[in-house]
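[1] Need a 3D model of the sequence below.
(chains A and B, ligands or ions: 1)
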Amino acid sequence: MSGKTLYDKLWQSHLVEQRDDGSALIYIDRHLIHEVTSPQAFEGLRLAGRKPWRIDANLAVPDHNVPTERQERAGGIAGILDPISRLQVQTLDDNCRDFDITEFAINDPRQGIVHVVGPEQGATLPGMTVVCGDSHTSTHGALGALAHGIGTSEVEHVLATQCLLQQKMKNMLVRVDGQLKPGVTAKDVVLAIIGKIGTAGGTGYAIEFGGEVIRNLSMEGRMTICNMAIEAGARAGMIAADETTFEYVKGRTYAPRGEMWEQAVAAWRDLHSDDDAVFDSVVELRGEDIKPQVTWGTSPEMVLPVDGVIPDPQSLASAAERESVERALKYMGLAGGTRITDIKLDKVFIGSCTNSRIEDLRAAADVVKGRQVAKSIKLAMVVPGSGAVKEQAEAEGLHEIFTAAGLEWREPGCSMCLAMNSDKLGAGEHCASTSNRNFEGRQGFGGRTHLVSPAMAAAAAVTGHFVDVRDW
Amino acid sequence: MKSFTVLSGIAAPMDRANVDTDLIIPKQFLKSIKRSGFGPNLFDELRYLDQGEPGQDCSNRPVNEDFPLNQARYQGAVVLLARDNFGCGSSREHAPWALDDYGFRCIIAPSFADIFYNNCFKNGILPIVQDAEVVERLFQQMYANEGYALTIDLQRQVIVTPDDSELGFEVDAFRKHCLLNGLDDIGLTLESAEAIRTFEDRWREQSPWLFGSLA
Ligand code: SF4
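    Numbers count the residues shown, from 1 in each chain, chains lettered A, B, ... in the order given. This next block holds a predicted model:
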């Protein structure tokens, strides 16, 4: 018999009940909750007279709707100007109080984007099953965990039963060997992967990312990679736990200590695929081949290296492809044949659960240090992923570098990643964004998103158009 | 949950690949704390010419006449014909809520995004996968025939077209059972409460660090 993949191991260790029809009951160790996808689940519990199965497994934090402007933020929930956002954040607060669930409330220093907060507090750990009513829950797989997004009915199901009804996915290995060139980051690696396999390439799979390039990434970089597994179609992305992982987890608030730490690490050492494990699909990339990436269209797979040229729809063989490229170019207000470096920008957003951790902010600060945001840029903002990231960045003086260069330094939250608060693109505006989705309207009605790494976004802020950070 | 046995009615097109959940229901409508009322904002950005806001009366907004759901021939549609990778992107369950609230109970496409596919079943919507050529044929027949209606018989696992030909489809046995009977997942899982408790006790002993208090 062949060995097991990391996914197989995590699945088996959490299997409560296997049903004859192929479905299975899987135990959930950590359930993260935010304000957008939970109100209807709590309502469902109330209506059915049910209680959470295990209160300590749940951690809540408002992130999608919270304002990031200091003044509006200072007023707490009552200060949120948009009444509908205010009600949603208030509802989370009320639900957590009613059900006795720990919440990092709006102005708690530990508040932040749920996927930044979990690992940072040690609330998500290697070997766990982690779910949240949010597709970017795949982020937590970077710790060697099985983590994926769920819908609101499942949020209610996990609250009530501590389990999920699941079908086992297939195994995919994405292996990136070799070395990255200077200036090429985790974001570029994951965009290159999506460019290669497409946004549906991972559908039905749990993806494990491996190879030398992945091994050499920091935890922050690994989280960036797993974060976007969902953009490659896979609900779950994961990376084997190793010394980098243990080093990152050690000492965090909810991480085990003392003797229990030793015991945990001993168990975590098995969180990797066996040498003879068989994957249903294997995709390989070379680190040396990856250049800084920029998306030009309305799907993350519409991505090119920074020295690339936007495809001319006329040159495409299939009618379906031609049509989809034409539609994307129309929405983006771009012509086929345009060089990526000729795309002019209006706004720059550095933030989101993909790229708002300390390492991301350092990379961006490095680029803008001593420089100025281009006159043509209407707004360039940096939104730290959490209160802890903000504190760390301020301790390092990064906020001063940003503000001196003309970027706004904001309070933590999802912000312009999905524009549920007042941080939005105007119609027709082009934005260099470190987030994960460039769908139509994602960052504001008619807004045009280009996904890039923090360093690339920072360089674009200075020049007003895309430039190759490798020449910076 | 509403049960799903036999569904008959008009089919309408959503003729593009990679329709994401932001397109199905834009994020500004996610601020609702309710499960219903999303129907008027289904495909909001395609359906209307202005920018939709929550709580607005959609009946006097300018509509995009080119969008099929605004055309007389597709009124009252219950089946949505779609293309590859339907429902990709965000995990928002508001997407199936909006489809359901509008009146769609069945979606036929060559492929679906995983989370969306799963969410459909939890809301009494049946997503059916058919080969791309079959879906293409259905699209052509629908475009050619005004009032084109399909019958979906879940028990027999067939789609019946107007010329009475039948197309079989696959559906997982457990999901079929739940849909046919309108069963609530949570109630069913709690029948296994004993097994969950046994697992939990053993797991706690084996991995005590997973059971610390967050307070
Ligand atoms: S930062 Fe963006 S992608 Fe991440 S959880 Fe928030 S809205 Fe979702």
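[2] Just the pLDDT for residue 193.
    Chain wasn't specified; assuming chain A. Per-residue pLDDT puts residue A:193 at 98.
[3] wrong chain, I was asking about chain B
    At residue B:193 the predicted local confidence, pLDDT, stands at 96.
[4] With adjacent residues omitted, what lies nearest to it?
    Nearest residue to residue B:193 in three dimensions, chain neighbours excluded: residue A:161, at 7.8 Å (C-beta to C-beta, 6 or more residues apart in numbering or on different chains). (Each C-beta comes from the backbone N, C-alpha and C, glycine too.)
[5] Thought residue B:190 was touching that neighbour, still the case?
    Yes. In this structure residue A:161 lies within contact range of residue B:190 using C-beta atoms under 8 Å: 6.1 Å.
[6] Those two: who's more crowded?
    A direct count of neighbours by other C-beta atoms under 10 Å in any protein chain shown for residue A:161 and residue B:190 places residue A:161 higher, at 26 against 16.
[7] how much space between that one and residue A:114?
    Residue A:161 sits 21 Å away from residue A:114, taking C-beta to C-beta, to the nearest Å as the criterion.
[8] cool, residue A:223 as well?
    In terms of C-beta to C-beta, residue A:223 sits 13 Å off from residue A:114.
[9] okay, these two: which has more neighbours?
    Here residue A:223 and residue A:114 are compared on neighbour count by other C-beta under 10 Å; more neighbours surround residue A:223, at 34 against 31.
[10] Would you agree residue A:242 is in contact with residue A:216?
    No. The pair formed by residue A:242 and residue A:216 falls short of the contact definition of C-beta under 8 Å, at 10.7 Å.
[11] Just the strands from chain B, written as ranges.
    Under the criterion DSSP state E, strands of chain B are mapped to B:6-14, B:79-82, B:106-109, B:126-129, B:149-153, B:158-160, B:166-168.
[12] Can you give me the buried ones in the fourth one?
    Of the residues in strand B:126-129, those buried by neighbour count under the rule 16 or more other C-beta atoms under 10 Å in any protein chain shown are B:126-129.
[13] again with the fifth one
    Along strand B:149-153, the positions that meet the burial threshold by neighbour count (16+ other C-beta under 10 Å) are B:149-152.
[14] could you give the angle of that strand to strand B:6-14?
    Calculated by axes from the mean of the first three to the mean of the last three C-alpha atoms, to 10 degrees, strand B:149-153 forms an angle of 130 degrees with strand B:6-14.
[15] other SSEs contacting strand B:149-153?
    Counting contacts by 3 or more C-beta pairs under 8 Å, 6 or more residues apart in numbering or on different chains; DSSP states H and E, strand B:149-153 is packed against strand B:6-14, strand B:106-109, strand B:158-160.
[16] Run through the residues that contact the closest residue to residue A:70 other than its chain neighbours.
    Leaving aside its sequence neighbours, residue A:70 sits nearest to residue A:411 (C-beta to C-beta, 6+ apart; 6.0 Å). Contacts for residue A:411 were tallied using C-beta atoms under 8 Å, 6 or more residues apart in numbering or on different chains; they are A:66-70, A:73, A:383, A:390.
[17] Show me which of those are buried.
    Taking 16+ other C-beta under 10 Å as the criterion, what is buried in these is A:66-69, A:73, A:383, A:390.
[18] now these as a markdown table including distance to chain B?
    What follows is these, written out as a markdown table (distance: C-beta to the nearest C-beta, whole Å):
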| residue | distance to chain B |
| --- | --- |
| A:66 | 13 |
| A:67 | 14 |
| A:68 | 16 |
| A:69 | 18 |
| A:73 | 18 |
| A:383 | 17 |
| A:390 | 22 |
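[19] what about the helix or strand containing residue A:325 and chain B, touching?
    When elements are defined using DSSP states H and E, residue A:325 is found to belong to helix A:319-332. Yes. Contact between helix A:319-332 and chain B, assessed by C-beta under 8 Å from any C-beta of the partner chain, occurs at A:320, A:323-324, A:327.
[20] pLDDT of that helix, averaged?
    Confidence over helix A:319-332 (mean pLDDT, whole number) is 94.
[21] Would you mind listing the buried residues in that helix?
    Buried residues in helix A:319-332, counted by 16+ other C-beta under 10 Å: A:322, A:324-325, A:328-329, A:331-332.
[22] what's that helix in contact with?
    The contact list for helix A:319-332, computed with C-beta under 8 Å, 6+ apart, reads A:296-299, A:302, A:310-311, A:313-314, A:316, A:335-336, A:430, A:440, A:448, B:16-18.
[23] Now do the contacts for the closest residue to the ligand within chain B.
    Of all residues in chain B, residue B:90 sits closest to the ligand, with a separation of 7.3 Å (C-beta to the nearest ligand atom). For residue B:90, the contacting residues are A:134-135, A:437, B:20-22, B:27, by C-beta under 8 Å, 6+ apart.
[24] Within reach of the ligand, which of the residues you listed are there?
    For the ligand, the contacts drawn from the contacts of residue B:90 by C-beta under 6 Å from any ligand atom are residue A:134.
[25] tell me the two of the contacts of residue B:90 that are most distant?
    A:134 and B:20 (14.9 Å; C-beta to C-beta).
[26] Those two: who's more crowded?
    Neighbour tally, residue A:134 and residue B:20, criterion other C-beta under 10 Å: the higher count belongs to residue A:134, 29 against 22.
[27] How many residues are close by the nearest residue to that one once chain neighbours are set aside?
    Leaving out its chain neighbours, the residue that sits closest to residue A:134 by C-beta to C-beta, 6+ apart is residue A:149, at 5.3 Å. Applying other C-beta under 10 Å, we find 23 residues neighbouring residue A:149.
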